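Please work out how this folds:
(2 chains)
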Amino acid sequence: MTTKNLNLNYKIVLDLIKEKSKVLDLGCGNGELLKILKEKKEINSLGVEINEDCVVEALENGLSVIQGDLDKGLDEFQDNSYDWAILNQTLQSTKNPEFVIYEMLRVANKCIVSFPNFAYWRVRFYLFFKGKMPKSKALPYEWYNTPNVHLLTIEDFFEFCKKRNIKIEKSIYLTRNKARSGFLMRNIANFFCEQAIFVITKNI
Amino acid sequence: MGNKIYTETLILKLDEPLKLKCGKVLKNIEIAYETYGKLNADKDNAILVLHALTGDAHAANYHKDSKKPGWWNDMIGENKAFDTSKYFIISSNILGGCRGTTGPSSINPDTNKPYALDFPVITVEDMVNVQKKLIDYLGIKKLIVAGGSMGGMQALEWSIKYPDVVEKTIIIASSARLNAQSIAFNAVMRNAILTDVNFNDGNYYDKKHPESGLAIARMIGHITYLYEEAMIKKFGREFKDKPNFDFGIDFQVESYLEHQGQIFVDRFDANSYLYITKALDYYDPIKEYGSLENALKDTKSKFLIISFSSDWLFTTKQSKQMVNALVKINKDVSFVELESKCGHDAFLLEFDKQTKIIKSFLRG
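Residues are numbered from 1 along each chain as shown, chains lettered A, B, ... in the order given. Now for the predicted structure:
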């Protein structure tokens, strides 16, 4: 895969992570992101994934992966044992997002959290005009089969971190084809951006 | 019908006596083994597959006199999980067994009679040390080890004991040690043998063997290998014929167990069953090293651990214990729990998914 074809989300994560870092991908799916990181950044990686078929695919992608449930915690991982923990498009489908965030902050020095922004204008308009649960490329499920049980907005995440004294080091907002960053545009981003990527750390 | 590939079991005689964990020394050890595929010039493409409780060296292909292939024939062969076009696969019968390797039914050189209960109590560690002699004899310095059930324990022990040799370790449907429930089952199975009227303190080789005891042990074993739901599906409450109102074989499930018991006594030695189950009970690297993390700290291997959802004899929880220890000490480990209705037997039967996973792991 050339960098040009990489999806924007992956490209940003790729830019954040230094070569040869130790990376834990929580909810790694079939390991697509880790595979790219491994190829481009020679990272030392481990994936955690709940779905058996995804674990098998990730193994076929040449990755080390452990089948496990994030909602049950990361007991087996020592404090600060990873440079990075990634929660890519997974937060909204955990049963206990608060616990999962605390656990990832415990095991990694820095964490990347990305999620679809439910306050994105198209999502708002979908609900407003159609009166139905919003569906889009980022939210492809029906209300009755969605794994996304904890959808949130950019604003929600800021509030969540502030209340828990979690430090937001970086916030990157994604429209369909552009990434923007900066704290000032938080309100605008909450309306105009489809996805958000945050770098968070423990506020020591 | 595909072309049958024939293989013979070979015997390696060890010149040197071996000191066992119990302190005793065993001499004139013979190891029965088979190999599949070719060892390359660098001798770095070898995989040692390790059998379970009642398995043997005959893991793949066919013997001239038998219609049944080896016990892991679905997994070993060209383009299979353990691909014989790439790897040199070795399988040997364990120490204490009765399928060619020295065990209680072998002749004691001091008495010229079968050892019977004079055979020293052996451990998983001893089994592995004997296998190491075979690996040395074959001139192999780097090795991949793989096994299910008790074979998984041997694989684990290999990674701990020979960290410079083992590069990859595959542990399937296994555990670092038995729990109380499994030890209890083993005790009951041994009791069935020990109390058989023909047992005669193990000295039955020239007389009638303790067949009913051994058959009962096998029947109990079989129950522990099966998943309740699968038993319901396979046997239900079906009668073989109709209720007989006596204590003979009434139900299908009884008939199945009876059959499994009967075919087992023809191929297995009751004393071996005692010794091997005891070795299983004793194996405990957690106690030996203080913790599993400590036991595994010097390993240099990559690990692949597989469990099966319906296996209640060697549970996912037990597999996770090994996974968690390896993660804690930063070792390279992958783990998957495969969905299956085959219970503990799944490692011998569910070869589709295992093949995908093992192939990927071996390639990576």
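
buried stuff in stretch A:159-174?
The neighbour-count criterion (16 or more other CB atoms under 10 Å in any protein chain shown) identifies A:160-161, A:166, A:168, A:170-174 as the buried residues of stretch A:159-174. Bear in mind the C-beta positions are built from the backbone N, C-alpha and C, glycine included.

so where is the chain shaky, pLDDT-wise?
In the absence of a named chain, this looks at chain A. Flagging of chain A using pLDDT under 70 yields the residue ranges A:1-6, A:182-184, A:204.

um, chain B though
Applying pLDDT under 70 to the predicted model, the residue ranges of chain B that meet it are B:1-2.

A helix includes residue B:156, no?
Yes - when classified by DSSP: H, G, I helix; E, B strand; the rest coil, residue B:156 is found to be part of a helix.

any idea how far residue B:362 is from it?
Residue B:156 is 18 Å from residue B:362, where distance means CB to CB, to the nearest Å.

Could you pull up the contacting residues of the closest residue to residue B:282 other than its chain neighbours?
If you skip the residues right next to it in sequence, residue B:282 has residue B:123 as its closest partner in space, 5.4 Å away by CB to CB, 6 or more residues apart in numbering or on different chains. In this structure, residue B:123 makes contact with B:20-22, B:279, B:282-283, judged by CB atoms under 8 Å, 6 or more residues apart in numbering or on different chains.

try residue B:131
B:31, B:48, B:50, B:92, B:94, B:154, B:158.

Can you point out the helix or strand that includes the closest residue to residue B:200 other than its chain neighbours?
If you skip the residues right next to it in sequence, residue B:200 has residue B:207 as its closest partner in space, 6.7 Å away by CB to CB, 6+ apart. Residue B:207 belongs to no helix or strand when assigned by DSSP states H and E.

From residue B:116, how far off is residue B:207?
11 Å.

Which of the two has more residues huddled nearby?
residue B:116 (18 against 9; other CB atoms under 10 Å in any protein chain shown).

quick revisit: which members of the contacts of residue B:123 occur in helices, if any?
Among those, the members falling in helices (DSSP state H) are B:279, B:282.

will you turn the contacts of residue B:123 into a markdown table that also has neighbour count?
Compiled in a markdown table, the contacts of residue B:123 are given as follows (neighbours: other CB atoms under 10 Å in any protein chain shown):
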| residue | neighbour count |
| --- | --- |
| B:20 | 18 |
| B:21 | 16 |
| B:22 | 13 |
| B:279 | 24 |
| B:282 | 19 |
| B:283 | 23 |
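
Quickly name whichever of the contacts of residue B:123 is closest to chain A.
residue B:283 (22.5 Å; CB to the nearest CB).

which residues touch that closest one?
For residue B:283, the contacting residues are B:123-125, B:153, B:157, B:177-178, taking CB under 8 Å, 6+ apart as the criterion.

returning to what we had before: just flag the most distant two among the buried residues of stretch A:159-174.
When the buried residues of stretch A:159-174 are compared pair by pair using CB to CB, the two farthest from each other are A:166 and A:174, 21.0 Å apart.

and the residue in chain A that chain B sits nearest to, how many neighbours does it have?
Among residues of chain A, the one nearest chain B by CB to the nearest CB turns out to be residue A:76. It sits 3.7 Å away. One way to gauge burial is a neighbour count; for residue A:76, by other CB under 10 Å, it gives 19.

Give the helix, strand or coil label for the residue nearest to it when sequence neighbours are not counted.
Counting by CB to CB, 6+ apart, the nearest residue to residue A:76 once its immediate chain neighbours are dropped is residue B:324, at 3.7 Å. Following three-state DSSP, the label given to residue B:324 is helix.

I'd like to know how many residues surround residue B:324.
19.

ok, now the one 10 residues further on?
Other residues within reach of residue B:334 by the criterion other CB under 10 Å amount to 26.

Double-check that it belongs to a strand.
Yes - with three-state DSSP as the criterion, residue B:334 is part of a strand.

Identify the residues contacting it.
A:59, A:63-66, B:302-305, B:361 are the contacts of residue B:334 under CB under 8 Å, 6+ apart.

got CSV for those residues, with neighbour count, secondary structure and distance to residue B:27 too?
Written out in CSV, the entries for those read as follows (neighbours: other CB atoms under 10 Å in any protein chain shown; DSSP: H, G, I helix; E, B strand; the rest coil; distance: CB to CB, whole Å):
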residue, neighbour count, secondary structure, distance to residue B:27
A:59, 26, helix, 45
A:63, 25, coil, 48
A:64, 23, coil, 44
A:65, 27, strand, 47
A:66, 24, strand, 45
B:302, 21, strand, 37
B:303, 24, strand, 35
B:304, 26, strand, 37
B:305, 28, strand, 37
B:361, 23, helix, 39
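
For residue B:140, state which of these is nearest.
The nearest one, if we look at the contacts of residue B:334 relative to residue B:140 and count by CB to CB, is residue B:302, at 17.8 Å.

Tell me how far the closest one lies from chain A.
As for residue B:302, its distance to chain A is 8 Å (criterion: CB to the nearest CB, to the nearest Å).

Next: residue B:208.
For residue B:208, the distance to chain A under the criterion CB to the nearest CB works out to 49 Å.

what residues are up against that residue?
Applying CB under 8 Å, 6+ apart, we find residue B:208 in contact with residue B:198.

For the closest residue to residue B:148 other than its chain neighbours, what is the enclosing helix or strand?
The spatially closest residue to residue B:148, leaving aside those adjacent along the chain, is residue B:347, at 3.6 Å (CB to CB, 6+ apart). Taking DSSP H and E as the criterion, the element that holds residue B:347 is helix B:346-349.

The spatially most central residue of chain A pairs with what?
Nearest to the geometric centre of chain A sits residue A:88, at 2.3 Å (CA atoms, centre = their mean). When bridges are called by DSSP bridges, residue A:88 pairs up with residue A:114.

For it, give me its contacts.
By CB under 8 Å, 6+ apart, the contact set of residue A:88 is A:9, A:13, A:25, A:27-28, A:33, A:112, A:114.

how about 7 Å then?
Contact criterion CB atoms under 7 Å, 6 or more residues apart in numbering or on different chains gives A:13, A:25, A:27, A:33, A:114 as the residues in contact with residue A:88.

would you list the residues you listed in TSV and tack on neighbour count?
As requested, these are exported to TSV (neighbours: other CB under 10 Å):
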residue	neighbour count
A:13	25
A:25	29
A:27	21
A:33	23
A:114	21
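
Going by distance to residue B:60, which of these wins?
Minimum separation from residue B:60 among the contacts of residue A:88 (CB to CB) is found for residue A:25, which lies at 36.8 Å.

Next, work out how far apart that closest one and residue A:103 are.
Remark: distance between residue A:25 and residue A:103 (CB to CB) = 14 Å.

what residues are up against the residue in the stretch 1-150 of chain B positioned nearest to chain A?
When scored by CB to the nearest CB, the stretch 1-150 of chain B has residue B:81 as its residue closest to chain A, at 12.5 Å. Listed by CB under 7 Å, 6+ apart, the contact set of residue B:81 reads B:75, B:351, B:354-355, B:358-359.

Recalculate using a threshold of 6 Å.
Going by CB atoms under 6 Å, 6 or more residues apart in numbering or on different chains, residue B:81 touches B:75, B:354-355, B:358-359.

The residue lying farthest from the centre of chain B: what secondary structure?
If you look at how far each residue of chain B sits from its centre, by CA atoms, centre = their mean, the farthest one is residue B:245, at 39.6 Å. Using three-state DSSP, the three-state assignment for residue B:245 comes out as coil.
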